[in-house]
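Participant: Need the 3D shape of this:
(4 chains)
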Number of protein chains: 2
Amino acid sequence: MNIGEIARLAGVSRSTVSYALSGKRPISPETRARIQAVIDELDYQPSAAARALSSGRTRTLGLVFPPAGSHYTDMQLDFIGSLVEAAAGFGYDVLLAAAAAAAGDGRQGLRRLVAERRVDGAVLMEIRLDDARVDHLAAAGFPFVTIGRVGAPERTRWVDLDYTALVGSCVSHLAQLGHRRIALVNRSERLFRAGYESAHRSLTGFQDACAEHGVIGTAHLCGDDAASGEDAIDRILAADPGTTALVTVNEAALGGLYRGLAAHGRRIPRDFSVAGIAAGRWAAAVTPQLTAADVPAVEMGRVAVELLLELLATPDAPPRHFLLNPPVSLRASTGPAPAPADVAG
Amino acid sequence: MNIGEIARLAGVSRSTVSYALSGKRPISPETRARIQAVIDELDYQPSAAARALSSGRTRTLGLVFPPAGSHYTDMQLDFIGSLVEAAAGFGYDVLLAAAAAAAGDGRQGLRRLVAERRVDGAVLMEIRLDDARVDHLAAAGFPFVTIGRVGAPERTRWVDLDYTALVGSCVSHLAQLGHRRIALVNRSERLFRAGYESAHRSLTGFQDACAEHGVIGTAHLCGDDAASGEDAIDRILAADPGTTALVTVNEAALGGLYRGLAAHGRRIPRDFSVAGIAAGRWAAAVTPQLTAADVPAVEMGRVAVELLLELLATPDAPPRHFLLNPPVSLRASTGPAPAPADVAG
DNA sequence: CGATCAAATCGAACCGGTTCGACTGCGGGT
DNA sequence: ACCCGCAGTCGAACCGGTTCGATTTGATCG
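Facilitator: Take a look at the predicted model:
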């Protein structure tokens, strides 16, 4: 069951077996065949721990997983699934690090994975503009990539959605349909305060696009759940009853947004248009189907793994980035702005 | 950075450091303090690989993750999140195994994790009544627990929802509201054929409950996406236009179900009632909010970890099981059966 | 025909922990 | 005064791989 056993049965030394498996030194075809036969018969697999100890590489990647009880978006799920698959394609496994539920957790998940040398590299999601985890890994010289990016992104590897541009595209789409008073439904105040990059970049993109198209835009923070979505609609219509469209980057609140609009008698898309950023499969599952920039989550996961493995292979190569800008898919939730008379005051 | 370095700086032998850390032999308080001081100063963490190699235990659990591109339910996500958290609470990490995307994959994910001794135990979800993975692990004597159970569940450890009883509760709820013709929207034909246990037990529970309450029940398979949901409604109303309620165990299709009912002019809950089994947070996010048995996913993840660690600690203890039967939460999608005249033929 | 070199293989050291057996003092029982 | 046992510590072996240097053999070249 260990390499010595294989060597004995094949009548060679342990090192010969090792070289036959790794190919790092030439082995004669006959010897190689004999070794392979023994391995096949015994269904031998080298111990990952022994291999990691001697080679110094674990063939494992770390991934920080958002804590349970928080709302997972379809986007995040697809990231994780595609990360695992892409990593498996390269012979790597993925180890999950619990995001510190309590802030001052001490033996924080990711930190421990790194200190115990359980992983060769790490993938971080849910990035903040000023992120302690990123600073820590960068300071330690530990290989990592991020899904999302930090404030000063030139020095790190990442793949990100261009939230600024995507929200801009949504605003542009709505403006072209004639909407003149548009709201933004952003992420929660807590996340915004914490510096979540997508929330901040969404706001910037919204403000810029509204200015560019000469529309009146009001931005609203909104918790990640249905009830907060209903509440957000109340606030939006109270602040400006003439609002006829909104852009949402908050997948989790959408059900509440729809419900809130229905409660105020605004039919979608006849009286009110909704556009957003969401996983395509999910946008097609809600009623009405959401006009949205479809997040290519699977591609993002794959790219993240490729970037990380590239970093592991050639640590000195200059950092690469991918800023994705998927097009807005037209579905059933947006339509022409209602004539002013149609809008109840 | 290694244990020898710590030993040298503390002026003791390597074994003494090891015993100080593990507590497996008495160490004088002074020596212990001296060692701890050095460890704290250097921020030393023992190498996981070395520890695993010599101790034979990795302090890692394996989890088979459903492939990307399939639809993840909120339930599954919450399982995973709570598994990671519960495991972290016991000092264990979670390693994801890609479920073999192609069936004859060869070096299948979980199998490799076990053969390479990367994990101490495994958690399996998406269980089939006759599951090759379960058979393989059981034959190999490898510790595992399942979320969901196999056909002959007495010999394994698992935590499961009592789908039979839950679907029965939904039927009972609808019957009490006066519905007499009820449909079941089950999982996809592919999954049913593959022997997914929840799909089979749901069907049994549905048939039994319908017989018990004297209602006419028709069961329908339905793919895991919105379009299939719409299609299912077409089939249900074509098969029996007098149907006034349905029970769904297919979270992913619900959006399509709602849309299909709307397309047929059936308003919820006035003309048609919908009950189901779903993650509570999700059931509250859709419109109308779904009357459903709320899956205690977080609890299930925690229980799975506890069962597995119990198995690792005492391999000979008799298997324990948890069959959960959460109550049906009343929400907005069910109501009294319409008077027969109200139902359009 | 001897020097040179590459292919093929072996033995030993090493990675960084854990654990077992042995050794040293020292206090208690008789 | 002597033996026993235990607290406390050390040295060495071991876990199962990888990798380096050395050795043997056979082919190539001048």
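Participant: from here on, contacts and neighbour counts on C-alpha atoms
Facilitator: Noted.
Participant: can you give me the helices in the stretch 1-150 of chain A?
Facilitator: A:3-10, A:14-22, A:29-42, A:48-55, A:74-89, A:109-115, A:132-140 (DSSP state H, counting those that start in this stretch).
Participant: Repeat that for the stretch 201-345 of chain A.
Facilitator: So, for the stretch 201-345 of chain A - with DSSP H, counting those that start in this stretch - the helices run A:226-239, A:254-263, A:280-283, A:297-313.
Participant: Quick check: mean pLDDT of the third one?
Facilitator: Per-residue pLDDT values over helix A:280-283 give a mean of 86.
Participant: Contacts made by that helix with the rest, please.
Facilitator: A:D74, A:Q289, A:L290, A:T291, A:A292, A:A293, A:D294, A:V295, A:P296 (C-alpha atoms under 8 Å, 6 or more residues apart in numbering or on different chains).
Participant: Repeat that for the second one.
Facilitator: Residues outside helix A:254-263 that contact it (C-alpha under 8 Å, 6+ apart): A:225-234, A:248, A:267, B:285-288.
Participant: And those residues, which two are furthest apart?
Facilitator: Within these, A:D225 and A:R267 form the most distant pair, 21.2 Å apart (C-alpha to C-alpha).
Participant: Tell me the residues of the stretch 101-250 of chain A that contact chain B?
Facilitator: Taking C-alpha under 8 Å from any C-alpha of the partner chain, the part of the stretch 101-250 of chain A that reaches chain B is made up of A:G109, A:A115, A:E116, A:R117, A:R118, A:D225, A:A226, A:A227.
Participant: The same query, at a cut-off of 10 Å, please.
Facilitator: Applying C-alpha under 10 Å from any C-alpha of the partner chain, one finds that the stretch 101-250 of chain A approaches chain B through A:101, A:108-109, A:112-119, A:225-227, A:229.
Participant: Out of the residues you listed, which are close to DNA strand D?
Facilitator: Among these, no residue is within reach of DNA strand D (C-alpha under 7 Å from any atom of the strand).
Participant: Could you double-check that A:H200 sits in contact with A:L184?
Facilitator: No - judged on C-alpha atoms under 10 Å, A:H200 makes no contact with A:L184 at a distance of 12.0 Å.
Participant: Comparing these two, which residue is more hemmed in?
Facilitator: A:L184 (28 against 20; other C-alpha atoms under 10 Å in any protein chain shown).
Participant: A:D160 sits in which helix or strand?
Facilitator: Following DSSP states H and E, one finds A:D160 within strand A:157-161.
Participant: partners of that strand, with directions?
Facilitator: The sheet places strand A:157-161 alongside strand A:144-147 (parallel), strand A:321-324 (parallel), with pairing taken from DSSP bridges.
Participant: could these go into CSV alongside mean neighbour count and distance to B:R149?
Facilitator: Formatted as CSV, the strands paired with strand A:157-161 follow (neighbours: other C-alpha atoms under 10 Å in any protein chain shown; distance: least, C-alpha to C-alpha, whole Å):
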stretch, mean neighbour count, distance to B:R149
strand A:144-147, 24, 36
strand A:321-324, 17, 42
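Participant: quick one, which of those is nearest to B:P26?
Facilitator: Once those are compared by C-alpha to C-alpha, strand A:144-147 is nearest, at 40.8 Å.
Participant: about what we covered before: now do the shared contacts for A:H200 and A:L184.
Facilitator: Both A:H200 and A:L184 are contacted by A:F206, under the criterion C-alpha atoms under 10 Å, 6 or more residues apart in numbering or on different chains.
Participant: So, low pLDDT: which residues of the stretch 51-200 of chain A?
Facilitator: Residue ranges of the stretch 51-200 of chain A with pLDDT under 70: A:67-71, A:100-107.
Participant: Might you enumerate the residues of the stretch 1-150 of chain A proximal to DNA strand D?
Facilitator: Residues of the stretch 1-150 of chain A lying near DNA strand D (C-alpha under 7 Å from any atom of the strand): A:1-4, A:14-16, A:18-19, A:21-22, A:24, A:45-47, A:50-51, A:53-55.
Participant: so which of those are also by DNA strand C?
Facilitator: A:R14, A:S15, A:T16, A:A50, A:L53, A:S54.
Participant: What's the ChimeraX line that selects buried ones from those?
Facilitator: In ChimeraX syntax, the buried subset of these is picked out as below (16 or more other C-alpha atoms under 10 Å in any protein chain shown):
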select /A:14,16,50,53
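Participant: Quick one: list the elements packing against the next helix or strand after the strand holding A:D160.
Facilitator: Moving toward the C-terminus from strand A:157-161, the next helix or strand (DSSP H and E) is helix A:163-176. Judged by 3 or more C-alpha pairs under 10 Å, 6 or more residues apart in numbering or on different chains; DSSP states H and E, the packing partners of helix A:163-176 are strand A:181-185, helix A:197-213, strand A:245-248, strand A:273-279, strand A:291-295, strand A:321-324, strand A:328-329.
Participant: Nearest to DNA strand D, out of the ones you listed?
Facilitator: Across the helices and strands packed on helix A:163-176, DNA strand D has its closest neighbour in strand A:321-324 (29.9 Å, C-alpha to the nearest atom of the strand).
Participant: quick one: average pLDDT of that closest one?
Facilitator: 96.
Participant: Same question for stretch A:233-244.
Facilitator: Stretch A:233-244 shows a mean pLDDT of 97.
Participant: Show me which residues of that stretch are buried.
Facilitator: Residues of stretch A:233-244 classed as buried: A:I233, A:D234, A:I236, A:L237, A:G242, A:T243, A:T244 (neighbour count, 16+ other C-alpha under 10 Å).
Participant: which of those are close to DNA strand D?
Facilitator: For DNA strand D, no contacts are drawn from the buried residues of stretch A:233-244 by C-alpha under 7 Å from any atom of the strand.
Participant: Out of those, which is nearest to B:L137?
Facilitator: Nearest to B:L137 among the buried residues of stretch A:233-244, counting by C-alpha to C-alpha, is A:I233 at 51.9 Å.
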